[in-house]
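Colleague: no sequence for this one, just the structure:
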């Protein structure tokens, strides 16, 4: 019997990293011991107090039932306090905050709440592939907007304003930007809010990298009037070393929260209570936590610079976040070619920039989620394998 997948999946492929990890797993099973420098999954643990909180509450007999779809008040309050302390944004925890089982799921929730066939959504190119996938799954049309190094990877709002925006309902954006590591000045967030108000577009700002190697965490919601036209997704995956815990959040006006809950409440049954309490603990950590985290990443980034210099790549040292984005040397057709050569010859995996859209074709991206010793080994492998300029 042949069962066809739904039409909404016709142009949605399995996630690149899902397929690539299978290839790497097969190489590892064959004894190759591939060094994976591709994925931004923190290898460092959460703060000990966070793990202790999880353990203490998981041992209690009355913490294992279904939870409220909107999260417990203690977690919403912790999110509100975190936004106030670090972003200077005042939110009502009871009305303007929605905990998520990972912000990636939240991207789908937002698209499924607001988009349908005939609608359009602006997505960055290069940008996080899930934006395009979520838009397609909603049966709307994704309209890529070009980002390039010449504008420090910021969209040209004057160019966008000249497009037919009559069917555009959402605009996805992400600063600090992934994959390029570009940070947006606060003044540009103000321009984005004005643009959205003028064209009646809901801004969807994805903000999981704001604490990583970034001295001034920013939220688009700090702009006066932003709650009228913007929502923000955030996460503890990177800032709390909790990627596998699946703890995200959405901040928005009460009306937006209520609309998104209409979809979300049909998709899950709330987050495990001990995880929520541990997340609240993580959100209470002071500046020393982030300073220590960033000191580790700063040292690792120096190793990445050394690796990229050996490959002849060009990169901007002002970028922030959990990766280093680099332009490939001449002689390679694209980042895929360089990535494949490094994997084949040195058994080191580095992400090709083209998976983030055509705007990334000439780039590669290196994750900081590996020890300094691992980077040293990778550098030695690449050197010995003679991965050189063509």
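Modeller: Happy to help now that I have it. A quick note: this is a predicted structure, and the numbers were derived from the prediction, not measured.
Colleague: residue ranges for the strands of the stretch 101-250 of the chain, please.
Modeller: Secondary structure of the stretch 101-250 of the chain (DSSP state E, counting those that start in this stretch): strands at 120-125, 141-146, 168-173, 202-206, 230-235, 248-251.
Colleague: in this protein, which spans are helices?
Modeller: For the chain, helices defined by DSSP state H occupy the ranges 16-29, 48-58, 73-82, 103-114, 129-137, 157-161, 186-199, 254-264, 273-283, 287-311, 335-346, 372-384.
Colleague: The strands of the stretch 101-250 of the chain into TSV, with extra columns for distance to residue 374, mean pLDDT and mean neighbour count?
Modeller: C-beta here means a position set from N, CA and C on the backbone, and glycine is covered the same way. Converted to TSV, the strands of the stretch 101-250 of the chain look like this (distance: least, C-beta to C-beta, whole Å; pLDDT from 0 to 100; neighbours: other C-beta atoms under 10 Å):
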stretch	distance to residue 374	mean pLDDT	mean neighbour count
strand 120-125	30	98	24
strand 141-146	34	98	17
strand 168-173	32	98	24
strand 202-206	28	98	24
strand 230-235	24	98	26
strand 248-251	28	98	26
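Colleague: With residue 188 as the reference, name the closest of those.
Modeller: In terms of C-beta to C-beta, the element of these nearest to residue 188 is strand 168-173, at 9.9 Å.
Colleague: Against which helices or strands is that closest one packed?
Modeller: helix 103-114, strand 120-125, helix 186-199, strand 202-206 (3 or more C-beta pairs under 8 Å, 6 or more residues apart in numbering; DSSP states H and E).
Colleague: right, so of those, which gets closest to residue 287?
Modeller: Closest among the helices and strands packed on strand 168-173, using C-beta to C-beta: helix 186-199, at 19.8 Å.
Colleague: Residue 273: which of the helices and strands packed on strand 168-173 is closest?
Modeller: Closest among the helices and strands packed on strand 168-173, using C-beta to C-beta: helix 103-114, at 18.4 Å.
Colleague: So for that closest one, mean pLDDT?
Modeller: The average pLDDT within helix 103-114 is 96.
Colleague: Make 4 the starting number, not 1.
Modeller: Happy to do that; since the first residue is 4 now, the last one works out to helix 106-117.
Colleague: Distance of residue 349 relative to residue 167?
Modeller: Residue 349 sits 48 Å away from residue 167, going by C-beta to C-beta, to the nearest Å.
Colleague: ugh, wrong one, residue 210
Modeller: 29 Å.
Colleague: between those two, who's got more neighbours?
Modeller: residue 210 (23 against 8; other C-beta atoms under 10 Å).
Colleague: Now do the contacts for that one.
Modeller: 177-178, 222-223, 235-237 (C-beta atoms under 8 Å, 6 or more residues apart in numbering).
Colleague: Tabulate those (a markdown table), appending distance to residue 379.
Modeller: Putting the contacts of residue 210 into a markdown table (distance: C-beta to C-beta, whole Å) gives the following:
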| residue | distance to residue 379 |
| --- | --- |
| 177 | 31 |
| 178 | 32 |
| 222 | 37 |
| 223 | 39 |
| 235 | 38 |
| 236 | 35 |
| 237 | 34 |
